[in-house]
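Q: Structure for the following, please:
(2 chains)
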Amino acid sequence: DVKVTQSSRYLVKRTGEKVFLECVQDMDHENMFWYRQDPGLGLRLIYFSYDVKMKEKGDIPEGYSVSREKKERFSLILESASTNQTSMYLCASSSELAGTDTQYFGPGTRLTVL
Amino acid sequence: SQQGEEDPQALSIQEGENATMNCSYKTSINNLQWYRQNSGRGLVHLILIRSNEREKHSGRLRVTLDTSKKSSSLLITASRAADTASYFCATGGGADGLTFGKGTHLIIQP
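A: Below is the predicted model of the structure:
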């Protein structure tokens, strides 16, 4: 089974802090994604990557950056956390080589910025 | 970007009844997926239906797709308490990521 893990389930940070959210997948998937989920807004795509060292902006990239130095790891970085970045963050991976668009999600990180 | 919209936003039924959720989207698609999310957890993929398919079954799940109406429905038969969750439809995929609707929150009353 595909396993996608995220470094923390819950995280509390202060405004202005630099925050790293880590995601690791163990199925050699080439595509990885970061979403945020907010009540009433659903899931929104922040950034995605379809290969090592490559990244693409999603629908709401402002205030975020990403890093993909290794195929299995995709990091989301909040350079200077703000209260409006309090949210649930979900990482996912997929492989087009599998012939399907199915994405496999991690358990999520609930980030609170005070 | 494409967007799915689920309907209803919330649904409460008795255990054993069938639950039906609908999804509408705006542009042409290659496939449509349904996901489940239990409270406070990540999403779990349920089923994918391709644009050339009209109906698909998986266990107690039945998904239909009407590309002429740009709509899909998810039917859960013989509901159980463990089916209580939020259900999302999603379009897009591949390297561009999925676009999700806001979800239907399903509550199964014992």
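
Q: quick one: contacts for the closest residue to chain B within chain A?
A: Of all residues in chain A, A:D101 sits closest to chain B, at 2.8 Å by Cβ to the nearest Cβ. Just so you know, the C-beta spots here come from the backbone N, C-alpha and C atoms, and that holds for glycine as well. The neighbours of A:D101, taking Cβ atoms under 8 Å, 6 or more residues apart in numbering or on different chains as the test, are A:94, B:30-31, B:33, B:48, B:92-94, B:98.

Q: Which parts of chain B are helices?
A: In chain B, no helices are defined using DSSP state H.

Q: Spell out which residues of it are next to chain A.
A: B:1, B:30-31, B:33, B:35, B:40-45, B:48, B:88, B:92-103 (Cβ under 8 Å from any Cβ of the partner chain).

Q: returning to what we had before: in the contacts of A:D101, find the pair that's most separated.
A: A:S94 and B:N30 (13.7 Å; Cβ to Cβ).

Q: between these two, which one's more packed in?
A: A:S94 (27 against 12; other Cβ atoms under 10 Å in any protein chain shown).

Q: Low-confidence bits of chain B, can you list those?
A: B:1-4, B:94-95 (pLDDT under 70).

Q: And the residue of it closest to chain A?
A: Closest point on chain B to chain A, by Cβ to the nearest Cβ, is B:G93, at 2.8 Å.

Q: Please report how far the residue minimising distance to the centre of chain A lies from B:V63.
A: Ranked by distance to the mean C-alpha position of chain A (Cα atoms, centre = their mean), the top residue is A:W34 at 2.7 Å. Distance of A:W34 to B:V63, given as Cβ to Cβ, to the nearest Å: 27 Å.

Q: In chain B, mark out all the strands, start to finish.
A: Ranges of strands within chain B are B:5-7, B:10-14, B:19-24, B:31-37, B:43-50, B:55-58, B:61-66, B:71-76, B:85-92, B:98-100, B:104-109, based on DSSP state E.

Q: Also chain A?
A: A:4-6, A:10-13, A:19-25, A:31-38, A:42-49, A:56-57, A:65-70, A:73-78, A:87-94, A:104-105, A:109-113.

Q: Same list, the ones you listed, but as a markdown table with mean pLDDT please.
A: Output for the strands of chain A, formatted as a markdown table (pLDDT from 0 to 100):
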| stretch | mean pLDDT |
| --- | --- |
| strand A:4-6 | 94 |
| strand A:10-13 | 96 |
| strand A:19-25 | 97 |
| strand A:31-38 | 92 |
| strand A:42-49 | 88 |
| strand A:56-57 | 87 |
| strand A:65-70 | 96 |
| strand A:73-78 | 97 |
| strand A:87-94 | 94 |
| strand A:104-105 | 90 |
| strand A:109-113 | 96 |
